[in-house]
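*Asks:* quick one, fold the following:
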Amino acid sequence: MFSKTNSNSAKPTPTASEAPKKSAPRPVASAPSILGRDITIIGEIRTDGDLQIDGRLEGNITASGITIGEQGAISGDIKAKSVVVRGKVTGKINASLVELAETANVQADIIQDKLTISNGAFFDGKCSRRKQAAAPIAKPKSVQPKTA
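*Replies:* Residues are numbered from 1 along each chain as shown. The predicted structure is shown next:
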């Protein structure tokens, strides 16, 4: 009923060019790192990932995405792709996308591509764009009626 067959024929080993190619590992989206309310950091933070700050940071921060919670406070420079502020920031923000929520208290200069300020947010500082705005659309010249 059952039989075992042994094949003595050797299979050729694939060469490096014939070996199955594995795709490069894709970065896995992970949860943001969180600094809790009871944490105070004096120094610099750098990460390639996202970061949520509910505590206090006295120093500069560089990350992909940064969210400052309602209880969070940063005193220093922020550099990121996106920054959402619900708490307090004193210093400078440099990001592609900056969002100031109703509870935000920002005393900083902002360099950005896209800025959203909600009603109720406090903002005191200078705001400038990273990229130059597109050239304004030229107004068509008005046609003067011919006089005879």
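*Asks:* how about the strands of this protein, start to end?
*Replies:* 33-35, 40-42, 45-46, 50-53, 56-58, 61-62, 65-68, 73-85, 88-100, 105-117, 122-123, 127-129 (DSSP state E).
*Asks:* got the confidence number for Q71?
*Replies:* Confidence at Q71, expressed as pLDDT, is 95.
*Asks:* list the contacts of it.
*Replies:* Q71 is in contact with 37, 54-55, 87, counting by C-beta atoms under 8 Å, 6 or more residues apart in numbering. C-beta coordinates here come from the backbone N, C-alpha and C atoms, glycine included.
*Asks:* same question, T67
*Replies:* T67 touches 32, 50-53, 83-84, 86, counting by C-beta under 8 Å, 6+ apart.
*Asks:* looking at those residues, which is nearest K131?
*Replies:* Distance to K131 across the contacts of T67 (C-beta to C-beta) is lowest for V83, with 17.0 Å.
*Asks:* export the contacts of T67 to CSV and tack on pLDDT and distance to A104?
*Replies:* CSV is the format used below for the contacts of T67 (pLDDT from 0 to 100; distance: C-beta to C-beta, whole Å):
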residue, pLDDT, distance to A104
P32, 80, 18
D50, 94, 18
L51, 94, 17
Q52, 94, 15
I53, 94, 13
V83, 96, 10
V84, 96, 9
R86, 96, 6
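*Asks:* take these and write them to a markdown table, including neighbour count and distance to V106.
*Replies:* Formatted as a markdown table, these follow (neighbours: other C-beta atoms under 10 Å; distance: C-beta to C-beta, whole Å):
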| residue | neighbour count | distance to V106 |
| --- | --- | --- |
| P32 | 16 | 20 |
| D50 | 19 | 20 |
| L51 | 21 | 17 |
| Q52 | 20 | 17 |
| I53 | 30 | 14 |
| V83 | 26 | 10 |
| V84 | 20 | 12 |
| R86 | 22 | 11 |
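*Asks:* helices and strands around the one helix or strand in the chain whose mean pLDDT sits lowest, which ones?
*Replies:* Sorting the helices and strands of the chain by mean pLDDT, DSSP states H and E puts strand 33-35 at the bottom, at a mean of 88. In terms of contacts (3 or more C-beta pairs under 8 Å, 6 or more residues apart in numbering; DSSP states H and E), strand 33-35 is packed against strand 50-53.
*Asks:* that concludes my questions; thank you for your assistance.
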